[in-house]
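Enquirer: sequence and predicted structure, then a few things I'm wondering about:
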Amino acid sequence: MTRCKAPTRLVVAAVLLTATACTTSGPRQTRLMKSTELTISAAALRVQVRALADRFSGLMEEAGEEILLSETDPERRRNALLWLTNGIPAMQQALFQPDPFAALVDAWFLIAQMRDHFSRDEDHGMTQEHQELAFTVLDSMEADIKLIIDHAGPNTDYERGRQLVYEKAALHPINASFASRRGSAVFLAEFTARAGGNALKSIGSVTESMDDLVARIDLNAEFIPKFARWQAILFAMDGGYDTIPDGVAYLAHIEMVAGEIERLSPLVEALPDLVAAERTAVLEALDAYLTRTLAFVDHQRTTLMRDDVMAEREAVLAAIREERIAVLEAIREERGIVLAALREEREATFEDLDQLMDEAFTREVNRLFSRGLILAAILLGGFAAITFLGVRAVKRQSG
């Protein structure tokens with residue numbers, strides 16, 4: 001099936017309105033993802049989810065076109081056209097939510113709502129063959145979602161998640177127009193409330209990446225002409241025609257649309273340059289911001305290091321000063337103890353010397369006194385002997 005890339009005013013408006021909100025990178029995981037068992041990064045999940053937009057749109061388109069070609073009943077053809085004109089935009093809107101996990105859940109939620117809608121015979125008005133075709137398309141979509149979830153983390157539980165999604169989707173049925181469809185916001189709110197976080201608040205704050213913008217522009221450029229054709233067929237059927245009639249007055253605006261498309265072609269061709277310029281500007285601004293931030297951090301680090309070194313130096317000097325004072329005090333106390341011990345030792349030594357000198361003097365005096373007595377005795381004995389001899393000699397002379 002041919003897929004054209006026709007530009008439209010909506011595409012240009014989308015670029016001009018969202019270009020300034022684009023970012024070049026995102027967090028590893030959004031807060032909503034952190035409240036789950038997922039371990040895959042937000043960037044990796046975003047790539048996989050955004051890839052589903054083109055595939056799911058193509059599956060729905062092929063099924064709807066097959067029903068249109070094989071169905072002759074006007075009401076059933078109308079239901080098929082409503083599925084194409086309303087279901088595909090709803091699926092694309094779900095898959096391009098800023099938070100990739102919220103986008104995946106909302107697309108899953110829409111699949112469950114469509115399955116519930118096609119299961120009710122009174123609503124869809126489809127033949128059993130076409131009903132089986134729709135279920136085959138929905139099964140293929142869920143198989144892709146299961147593949148992503150199974151590889152998004154070691155503890156993910158696809159079956160439990162499917163049960164929760166289908167339980168909540170059954171409470172919010174849709175009709176053929178999809179106009180009153182309620183998305184998965186209520187389900188996600190209950191889920192995050194049970195998880196104990198405020199992750200749902202972050203969904204609106206997650207900005208689209210440049211790749212999201214380009215993918216959405218390409219998808220819109222591809223499907224807007226098809227939407228116009230399907231809407232034209234619906235208009236014709238409302239006017240009582242089975243297909244688009246030639247020369248119908250209220251379809252004359254198609255030529256005007258073609259002229260607008262041709263006029264806007266140069267603008268769309270310049271979109272890559274515009275996107276590249278915006279990307280360059282964002283990167284330059286980010287680089288300048290990072291440079292200023294690094295310079296500020298380096299200055300703060302230098303200041304803190306200098307202050308820390310000075311404080312450490314003062315602390316070391318104070319500790320050395322206190323240690324020196326303590327050592328001097330200890331030395332002074334030790335010196336006093338040593339001097340006191342020396343004084344006591346000296347006094348004891350002097351006392352011993354005095355005692356020894358007194359004893360030596362006493363011995364010498366006693367020895368000298370003994371010798372004097374002996375000498376005196378000898379002198380007295382000699383004197384007595386001389387006297388005796390003299391007396392004896394006198395007596396001899398007188399006799």
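Expert: Great, that's in hand.

Enquirer: ok, which stretches of this structure are helices?
Expert: Secondary structure of the chain (DSSP state H): helices located at 9-18, 31-34, 42-70, 74-82, 88-95, 100-119, 121-124, 128-150, 158-170, 185-195, 210-238, 253-269, 271-398.

Enquirer: just name the most buried of those helices.
Expert: Comparing these by mean neighbour count (mean count of other C-beta atoms under 10 Å), helix 100-119 ranks first with a mean of 23. For glycine as for every other residue, the C-beta is placed from the backbone atoms N, C-alpha and C.

Enquirer: how far is that helix from where the chain is centred?
Expert: Using C-alpha atoms, centre = their mean, to the nearest Å, the mean C-alpha position of helix 100-119 is found 30 Å from that of the whole chain.

Enquirer: which helices and strands sit right next to it?
Expert: helix 31-34, helix 42-70, helix 88-95, helix 121-124, helix 128-150, helix 158-170, helix 185-195 (3 or more C-beta pairs under 8 Å, 6 or more residues apart in numbering; DSSP states H and E).

Enquirer: those helices: which one's closest to residue 358?
Expert: Nearest of the helices and strands packed on helix 100-119 to residue 358, taken as C-beta to C-beta: helix 31-34 at 102.1 Å.

Enquirer: quick one: mean pLDDT over the closest one.
Expert: For helix 31-34, the mean pLDDT works out to 61.

Enquirer: same question for stretch 301-316.
Expert: Per-residue scores along stretch 301-316 average to 83.

Enquirer: dump it to PDB, restricted to CA.
Expert: What follows is stretch 301-316 as a C-alpha-only set of coordinates in PDB (Å, rounded to 0.1, in the frame of the first residue of the first chain):
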ATOM      1  CA  ARG A 301      35.800  23.400  44.800                       C
ATOM      2  CA  THR A 302      38.900  25.500  44.800                       C
ATOM      3  CA  THR A 303      37.500  27.800  47.500                       C
ATOM      4  CA  LEU A 304      36.400  24.900  49.600                       C
ATOM      5  CA  MET A 305      39.700  23.200  49.300                       C
ATOM      6  CA  ARG A 306      41.600  26.400  50.200                       C
ATOM      7  CA  ASP A 307      39.400  27.000  53.200                       C
ATOM      8  CA  ASP A 308      39.600  23.300  54.200                       C
ATOM      9  CA  VAL A 309      43.400  23.400  53.900                       C
ATOM     10  CA  MET A 310      43.700  26.600  56.000                       C
ATOM     11  CA  ALA A 311      41.300  25.100  58.600                       C
ATOM     12  CA  GLU A 312      43.200  21.900  58.600                       C
ATOM     13  CA  ARG A 313      46.600  23.700  59.000                       C
ATOM     14  CA  GLU A 314      45.300  25.800  61.900                       C
ATOM     15  CA  ALA A 315      43.900  22.700  63.500                       C
ATOM     16  CA  VAL A 316      47.300  20.900  63.100                       C
END
